[in-house]
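Asks: Got a sequence here, can you build the structure:
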Amino acid sequence: MRVVVAGATGLIGSKTVARLRDHGVEVVPVSRRNGVDVITGTGLDKALRGAEVVVDVTDAPARTEEAGLRFFRTATANLLASAGSAGVEHHVVLSLVGAERLWSGYCRAKLTQEDQVRRSPIPHSIVRAALSFETLEAMALADTHQDEVHVAPALIRPVATDDVAAAVARVAVGLPLYGTLEVAGPEEYGLDTLTTKLLAAGGDTRGVVSDGRAGLFAEGLQERTLLPGMDAQIGRTSFGEWLAQR
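Replies: Numbers count the residues shown, from 1 in each chain. All right, here's what the predicted structure looks like:
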């Protein structure tokens with residue numbers, strides 16, 4: 001089996017490449033570093049030649065609606081066009097748990113990407129991952145408030161990127177889902193509680209403030225908006241294990 005991974009040099013992409021190789025398949029990493037550009041389409045047809053599966057774990061350069069829509073519409077259209085020409089049999093895309101319930105611009109952009117994949121004649125699978133520990137940590141560190149960090153008042157089941165990559169790889173080597181698989185972590189936290197723990201682990205003494213418009217989120221966020229459904233696939237890595245592995 002030949003699997004092309006778009007976004008292969010990113011955090012999840014590089015781990016997905018490794019997990020796919022563990023499955024014994026031929027993996028073709030796709031990124032601008034190896035001369036393939038999903039926005040211009042440069043090198044895509046050549047990279048996808050002979051591929052059976054395409055895995056898209058690319059991400060927009062900025063998490064605004066405008067940047068997200070511009071990136072995902074163009075990249076997904078180019079990937080689907082090249083995949084169709086190459087006779088690809090399975091298109092796998094990574095999305096976000098709760099995307100359909102959130103009103104943020106970034107989530108609207110991700111839903112547009114999902115819709116492009118669903119409308120394509122290529123068999124598809126959509127993997128929606130809960131917020132990762134790494135993403136939550138980056139969001140906290142990027143907060144611009146001087147003495148405090150603002151987070152959404154919500155419950156989450158944060159997941160390790162290792163577990164996301166493992167789930168994406170398993171889906172890629174299996175039959176198309178023609179639907180969505182959610183992936184989340186084994187523990188449930190209040191976002192404020194987990195952010196406090198993340199800050200403390202890094203020696204950051206800032207306080208944490210609940211703010212319904214913080215981070216990726218906008219109006220419409222409810223306490224359970226970011227939680228997966230009952231049939232979600234649950235990763236193995238707890239917060240304590242993730243900290244120990246860093």
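
Asks: Would you mark the buried spots in the top helix by length along the chain?
Replies: With DSSP state H applied, the helix covering the greatest number of residues in the chain is identified as helix 65-86. Neighbour-count burial for helix 65-86, with 16 or more other C-beta atoms under 10 Å as criterion, is recorded at 65, 68-72, 75-76, 78-80, 82-83, 86. In this view, the C-beta of every residue, glycine as well, is placed from N, C-alpha and C.

Asks: how close does the closest residue to S120 other than its chain neighbours get to V28?
Replies: With C-beta to C-beta, 6 or more residues apart in numbering as the measure, L80 is the residue that lies nearest to S120, at 4.9 Å, once sequence neighbours are left out. With distances taken as C-beta to C-beta, to the nearest Å, L80 is found 17 Å from V28.

Asks: And G235, what's its pLDDT?
Replies: Note for G235: predicted pLDDT of 96.

Asks: what's around the nearest residue to it once chain neighbours are set aside, how many residues?
Replies: Using C-beta to C-beta, 6+ apart and skipping residues adjacent in sequence, the residue nearest G235 is D163, 2.9 Å away. Taking other C-beta atoms under 10 Å as the criterion, the count of residues near D163 is 23.

Asks: If you drop the residues flanking it in sequence, what lies closest to K197?
Replies: Leaving out its chain neighbours, K197 is closest to F239 (C-beta to C-beta, 6+ apart), at 6.8 Å.

Asks: what's the spacing between the one you found and A142?
Replies: Separation of F239 from A142 (C-beta to C-beta) stands at 20 Å.

Asks: ok, now which ones touch the residue lying closest to A77 once chain neighbours are set aside?
Replies: Here the nearest residue to A77 in space, its sequence neighbours aside, is Q116; by C-beta to C-beta, 6+ apart that works out to 6.7 Å. Listed by C-beta atoms under 8 Å, 6 or more residues apart in numbering, the contact partners of Q116 are F72, R73, T76, A77, L80.

Asks: Tell me what H91 is bridged to.
Replies: Residues found in beta-bridge contact with H91 (criterion: DSSP bridges) are V54, H124.
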